[in-house]
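based on what follows, work out the 3D shape:
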Amino acid sequence: MKEKFYQYIQQLQDTITSKLEAIDGKATFKQDLWERPEGGGGRTRVIENGAVFEKGGVNISAVHGPLAPAMQKYFNVEDCDFFACGLSLVIHPKNPFVPTVHANWRYFEMYNKQGEIIDSWFGGGQDLTPYYLFDEDAKHFHQTCKTACDKHDASFYPMYKKKCDEYFWNAHRNEARGLGGLFFDYCKTSEEKTMEDWYNFVTEVGDSFLDAYTPIVEKRKDTPFTEAHRNWQEIRRGRYVEFNLVHDKGTLFGLKTNGRIESILMSLPPHVQWVYDHHPTKGSEEEKLIDVLQNPKEWLG
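Here you go, the predicted structure:
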């Protein structure tokens, strides 16, 4: 399964980066191959200063070795080894009317000292973080997520949409990071699902990503914007940074397992503002976004 999924994410990385380069039309992804001293490595691809994408990364990795003591405690296991592979992406567009997007699809195995698998699971999801609210964009993104889920289990979309709203919650700000999407983790063998079933579901969601995101980019990328729009985008990007550094489990896992720091922090935007005690104008488009972030809604009725 680990070889099968790693092959899939290599192909998916190629598909996604090719499509995003075509949309941008100016910048291309710079590739960085790296190795992890403890075992494994990855293929980082970063795009910067494009016509459409100010900064973005589409990274894959496959790492293995002894599980760090901090993570043994987290998983409540004894001394053991692990394998983890996945694709992680974050795209920060230049135009404030184009949303930031994040996605991740991953597979994890744990082994005893005899090399036998003692646990394995899939995880992942995709979520949208706009700076200005367009209901039709949110509905399109969520409908694409739901369509992918419904091919496998009708309970998946409402369940994983709720988990996404709960996970990407900036508790110290009492607001969501964005408009959500899907978040799932610890998808394991059960009476109802085999690992093959989970593989088929996760790859279905991965394959849906470009359909969920790129039509929104195409629709909004040429919208005229002012310096005031840009300032708001940068202030909201600050909240994105706060979530990733304070709450995100993937970031914390990477830091605790001697992960590659450039790949971990690839998700951070290049231009950000923190304005003291900032509040948008009453009745403004900016306030309209905040209202939804503080009260996550059902986009599909």
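
rest of the way, CA atoms for contacts and neighbours
Noted.

helices and strands around the helix or strand bottoming out on mean pLDDT in the chain, which ones?
Using mean pLDDT, DSSP states H and E, helix 69-75 stands out as the lowest-scoring helix or strand of the chain, at a mean of 79. Helix 69-75 is packed against helix 249-256, with contacts defined by 3 or more C-alpha pairs under 8 Å, 6 or more residues apart in numbering; DSSP states H and E.

what does the least confident helix or strand of the chain rub up against?
When contacts are defined by C-alpha atoms under 8 Å, 6 or more residues apart in numbering, helix 69-75 is touched by residues 78-80, 253, 256-257.

over to stretch 166-174?
Here stretch 166-174 makes contact (C-alpha under 8 Å, 6+ apart) with 175-178, 180, 183, 239, 242-243, 247, 294.

can we see that at 7 Å?
Residues from elsewhere that reach stretch 166-174 (C-alpha atoms under 7 Å, 6 or more residues apart in numbering): 175-177, 243, 294.

same check on stretch 214-222?
Residues external to stretch 214-222 that are found in contact with it (C-alpha under 7 Å, 6+ apart): 52, 95, 97-98, 137.

and with 10 Å instead?
19-20, 23-24, 51-53, 93-100, 134, 136-138, 140-141, 210 (C-alpha atoms under 10 Å, 6 or more residues apart in numbering).

with just CA atoms, put it into CSV.
Once non-C-alpha atoms are left out, stretch 214-222 reads as follows in CSV (Å, rounded to 0.1, in the frame of the first residue of the first chain):
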residue,chain,number,x,y,z
THR,A,214,-9.0,26.1,-10.5
PRO,A,215,-12.4,27.3,-11.8
ILE,A,216,-12.5,29.8,-8.9
VAL,A,217,-9.0,31.0,-9.8
GLU,A,218,-9.9,31.4,-13.5
LYS,A,219,-13.0,33.4,-12.5
ARG,A,220,-11.4,35.8,-10.1
LYS,A,221,-7.7,36.2,-11.1
ASP,A,222,-8.3,39.3,-13.3
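
quick check: buried residues in that stretch?
216-217, 221 (16 or more other C-alpha atoms under 10 Å).

now residue 159: how far from residue 166?
The gap separating residue 159 from residue 166 is 11 Å, by C-alpha to C-alpha, to the nearest Å.

which neighbours do these two share?
Joint contacts of residue 159 and residue 166 (C-alpha under 10 Å, 6+ apart) are residue 183.

rewinding a little: among the contacts of stretch 166-174, which are in strands?
175-176 (DSSP state E).

now residue 60, nearest residue through space, not along the chain?
What sits nearest to residue 60 in space, not counting adjacent residues and going by C-alpha to C-alpha, 6 or more residues apart in numbering, is residue 87, at 4.4 Å.

sorry, back to before: could you dump the contacts of stretch 166-174 to a markdown table with distance to residue 231?
Formatted as a markdown table, those follow (distance: C-alpha to C-alpha, whole Å):
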| residue | distance to residue 231 |
| --- | --- |
| 175 | 20 |
| 176 | 20 |
| 177 | 17 |
| 243 | 19 |
| 294 | 21 |
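
who wins on neighbours among the contacts of stretch 166-174?
Of all those, the highest neighbour tally under other C-alpha atoms under 10 Å goes to residue 177, namely 27 neighbours.
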